[in-house]
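> A structural model of the following input is requested.
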Amino acid sequence: MSASGATTTVSSDAALDPEAEEARTGTPDPEVGADVSRRRWPRVLGALLTVALIATGGALYAEGRQLRDTPATANLALTDAEATTRVTGDVSSALSKVFSYGPGATAGTRAAAERVLAGKALQQYATLFGQVERQSADQKLTLTTEVVRAGVTRLTDDSAHLLVFLDQVYERRGRTPTTASAQLTVTAELRDGRWWIVEIGST
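Below you'll find the model as predicted:
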């Protein structure tokens, strides 16, 4: 058209590009905003999904580590049958030896105690056994101890806690034997490939 017609011709490129029209006229086109929003949403959703997956993965990792680190799974008494059997046998054998004696055999019992007891348990035993030796000699007393049941309540690579049930038979010359039961808590430690009893308590 002629300039005198005062009619402005819009190029075909502008008609096909709404964003160019908005830039030229300064007037937002509703369809442009909707189109931009439609293009942004996939990116926003993708970012949100990524964050959610990372958070979920972190939570699952933390939960799994917590389960692996719980006291229950750290207790080998629940998972290592061979180690549990070994410490039960060693402790049971040791207790039967150190709590069995006769009028002429207390020296052997004391020597056995020094091979299986250590720490606090050995100190306690040494203090009490002096009295036992005198009583055994004076009263002709014989004590026979048998472990009837022993259970490991907690076991790690180098320590164990046990609950032990004993039957003990007391014999005095000229009297009827007397049977008694005892229940002990025992702490043992693995040293140089051997289990040593380090603490004995009564329950």
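> show me where this structure has helices.
For the chain, the helices defined by DSSP state H occupy 12-16, 18-25, 30-68, 71-74, 81-98, 106-116, 119-139.
> any idea which of those helices has the lowest pLDDT on average?
Across the helices of the chain, helix 12-16 has the smallest mean pLDDT, namely a mean of 38.
> contacting residues for residue 162?
By Cβ atoms under 8 Å, 6 or more residues apart in numbering, the residues touching residue 162 are 87-88, 91, 150-153, 185-188. Bear in mind the C-beta positions are built from the backbone N, C-alpha and C, glycine included.
> check the gap between residue 168 and residue 123 for me.
In this structure, residue 168 and residue 123 are 22 Å apart, going by Cβ to Cβ, to the nearest Å.
> which of the two has more neighbours?
residue 168 (15 against 11; other Cβ atoms under 10 Å).
> mind listing what that one touches?
Taking Cβ under 8 Å, 6+ apart, we find residue 168 in contact with 99, 143-146, 179-182.
> same check on residue 161?
Going by Cβ under 8 Å, 6+ apart, residue 161 touches 152-155, 185-188.
> out of these, give me the one that has the most neighbours.
residue 188 (28 neighbours).
> isn't it right next to residue 195, touching?
Yes: in this structure, residue 188 is within contact of residue 195 by Cβ atoms under 8 Å, at 4.8 Å.
> overlap of the contact sets of those two?
Common contact partners of residue 188 and residue 195 (Cβ under 8 Å, 6+ apart): 87, 90-91, 160.
> farthest-separated two in the contacts of residue 161?
155 and 185 (14.3 Å; Cβ to Cβ).
> related to what we said a few turns ago, closest one of the shared contacts of residue 188 and residue 195 to residue 200?
After measuring those against residue 200 - Cβ to Cβ - the closest member comes out as residue 91, at 10.0 Å.
> contacting residues around the closest one?
Counting by Cβ under 8 Å, 6+ apart, residue 91 has contacts 150, 160, 162, 164, 186, 188, 195, 197.
> mind redoing it with 7 Å?
Residue 91 makes contact with 150, 162, 164, 186, 188, 195, 197, according to Cβ atoms under 7 Å, 6 or more residues apart in numbering.
> please apply the same query to residue 141.
Residues in contact with residue 141 (Cβ under 7 Å, 6+ apart) are 103, 135, 170, 172.
> returning to that earlier point: need the max-distance pair from the shared contacts of residue 188 and residue 195.
90 and 160 (9.2 Å).
> between these two, who's got more neighbours?
Neighbour tally, residue 90 and residue 160, criterion other Cβ under 10 Å: the higher count belongs to residue 160, 25 against 18.
> re earlier: among the contacts of residue 91, which ones are in strands?
150, 162, 164, 186, 188, 195, 197 (DSSP state E).
> these two touch, right, the first one and residue 94?
It stands for residue 150. No: counting by Cβ atoms under 7 Å, residue 150 stays clear of residue 94, with 10.8 Å between them.
> what about the two, which has more around it?
Neighbour totals were compared for residue 150 and residue 94, and residue 94 leads with 22 against 18 (other Cβ under 10 Å).
> ok, the more buried one - contacts?
By Cβ under 7 Å, 6+ apart, the contact list for residue 94 reads 116, 197.
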